[in-house]
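[1] fold the following and give me the result.
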Amino acid sequence: MQGENLTIWNFFFLKGFSRYPKLEIVLFFFSLVMYLITLLGNSTLILITTLDSHLRTPMYFFLRNLSFMDICYTSASIPTLLVNLLSSQKTIVFPGCAVQMYLSLSMGSTECVLLAVMAYDRYVAICNPLRYPIIMNRQVCVQMATASWVTGCLTALLETSLALQLPLCGNLIDHFTCEILAVLKLACASSLPMDMTLLVVGVLLLPIPMLFICVSYVFILSAILRISSAEGRNKAFSTCGAHLTVVILYYGAALSMYLKPPLSSQEIDKIISLLYGVLTPMLNPIIYSLRNKEVKDALKKLLGKVSLHQTHGSL
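    Next comes the predicted model:
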């Protein structure tokens, strides 16, 4: 439908990987398996850190937020991708596109802030351990987590509302999801408010949190090297190593996606987006489980209780 100076589309075609029909089947099973692992891994992490009284600390409180965020992030786009990979009509209605764009942006933006908050938590725990329970009390943790969610949701609302108000000269999105940069390529003309918003939000949510994390880890590393016992150093490295690995994976993928050359191949962009949207959320709980003795012990305890309950039930 067309109106004066504005084109409104009721639905969009998602081009996805339709140029490679044989690859679509492989991508379907690849995405399905990774999505199921993401749901299982993050749900399990939320469950064990909630049920185990030893894991009711600020670090695991933020980790629960991160796991819930990863579930929401992948669920915003992967189910649509799975349906479209097996469908000949790869379409999405306008409201669905708007919701998908908003959820992806809000969860991604919130994670940028939350990872910086988690770096501050590790900084206080290692550099100021005696005052850690006072500084990172429950009220402060809730306020910091809430600030992360509010920042991510509001910036995403601003970006989404501006993007969807632009007149679009087509409805074929060269992507497998309603990714904002792919949708903006359909705009009939560039928009200064949209460009400025993307620039400002991009700076606020990528370089600034990254700089904060880097500064925090300079102080953390300095404090760890001053720890006299090898056991103390190993424990400190263990708790920080998992977070730092997640930060490198997340920001590495985000920077490669949003700070890439403007003339880069769209097919490469889609592959990066797929890895960014599926691989990182799947690896997060694995990284925290494999590198964290407390999480592994809590998981063994939970599995032991389940096994004992089943044994009693069968008697």
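
[2] for the protein, which helix is longest?
    Assignment by DSSP state H gives helix 94-127 as the longest helix of the chain.

[3] and that helix, what does it pack against?
    Counting contacts by 3 or more Cβ pairs under 8 Å, 6 or more residues apart in numbering; DSSP states H and E, helix 94-127 is packed against strand 11-14, helix 58-86, helix 132-135, helix 138-165, helix 180-184, helix 192-205, helix 207-225, helix 230-258. In this view, the C-beta of every residue, glycine as well, is placed from N, C-alpha and C.

[4] need the ones you listed in CSV (columns: mean pLDDT).
    Shown next, in CSV, are the helices and strands packed on helix 94-127 (pLDDT from 0 to 100):
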stretch, mean pLDDT
strand 11-14, 86
helix 58-86, 90
helix 132-135, 93
helix 138-165, 94
helix 180-184, 88
helix 192-205, 88
helix 207-225, 90
helix 230-258, 76
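
[5] how about the ones you listed, which one is nearest residue 22?
    helix 58-86 (11.7 Å; Cβ to Cβ).

[6] list the buried residues of that closest one.
    Neighbour counts over helix 58-86 (16 or more other Cβ atoms under 10 Å) mark 58-67, 69-78, 80-82, 84-85 as buried.

[7] just stretch 172-184 next, same as before
    Across stretch 172-184, burial judged by 16+ other Cβ under 10 Å covers 173, 174, 175, 176, 177, 178, 179, 180, 182, 183, 184.

[8] now, which of those sits nearest residue 110?
    Residue 110 lies nearest to residue 180 out of the buried residues of stretch 172-184, by Cβ to Cβ, at 15.5 Å.

[9] isn't that closest one right up against residue 164?
    No. The pair residue 180 / residue 164 is not scored as a contact, 9.6 Å apart, by Cβ atoms under 8 Å.

[10] shared neighbours of those two, which are they?
    Common neighbours of residue 180 and residue 164, using Cβ atoms under 8 Å, 6 or more residues apart in numbering, are residue 101.

[11] now the helices and strands packed on helix 94-127 in CSV, with distance to residue 50?
    Formatted as CSV, the helices and strands packed on helix 94-127 follow (distance: least, Cβ to Cβ, whole Å):
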stretch, distance to residue 50
strand 11-14, 36
helix 58-86, 7
helix 132-135, 20
helix 138-165, 14
helix 180-184, 33
helix 192-205, 28
helix 207-225, 26
helix 230-258, 18
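
[12] for residue 21, which of those is the nearest?
    helix 58-86 (9.9 Å).

[13] what is the closest one packed up against?
    helix 21-51, helix 94-127, helix 138-165, helix 280-290.

[14] which of the buried residues of stretch 172-184 sit farthest apart?
    176 and 184 (16.3 Å).

[15] you'd agree residue 63 is up against residue 48?
    No. In this structure, residue 63 is not within contact of residue 48 by Cβ under 8 Å, at 10.4 Å.

[16] for residue 236, give its distance to residue 213.
    16 Å (Cβ to Cβ, to the nearest Å).

[17] can you pick out the residue with more neighbours from these two?
    Shown here are residue 236 and residue 213; by other Cβ atoms under 10 Å, residue 213 has more neighbours (25 against 20).

[18] could you find the closest non-adjacent residue to the more buried one?
    residue 119 (4.3 Å; Cβ to Cβ, 6 or more residues apart in numbering).

[19] could you report the neighbour count for residue 131?
    10.

[20] residues contacting it?
    Residue 131 sits next to residue 124 when contact means Cβ under 8 Å, 6+ apart.

[21] repeat for residue 151
    Contacts for residue 151 were tallied using Cβ under 8 Å, 6+ apart; they are 109, 110, 113, 205.

[22] contacts only, for residue 125.
    Going by Cβ under 8 Å, 6+ apart, residue 125 touches 58, 59, 132, 136, 239.

[23] and those, which two are the farthest apart?
    Greatest spacing in the contacts of residue 125, by Cβ to Cβ: 136 and 239 (13.6 Å).

[24] name the nearest residue to residue 55, ignoring sequence neighbours.
    residue 49 (4.4 Å).
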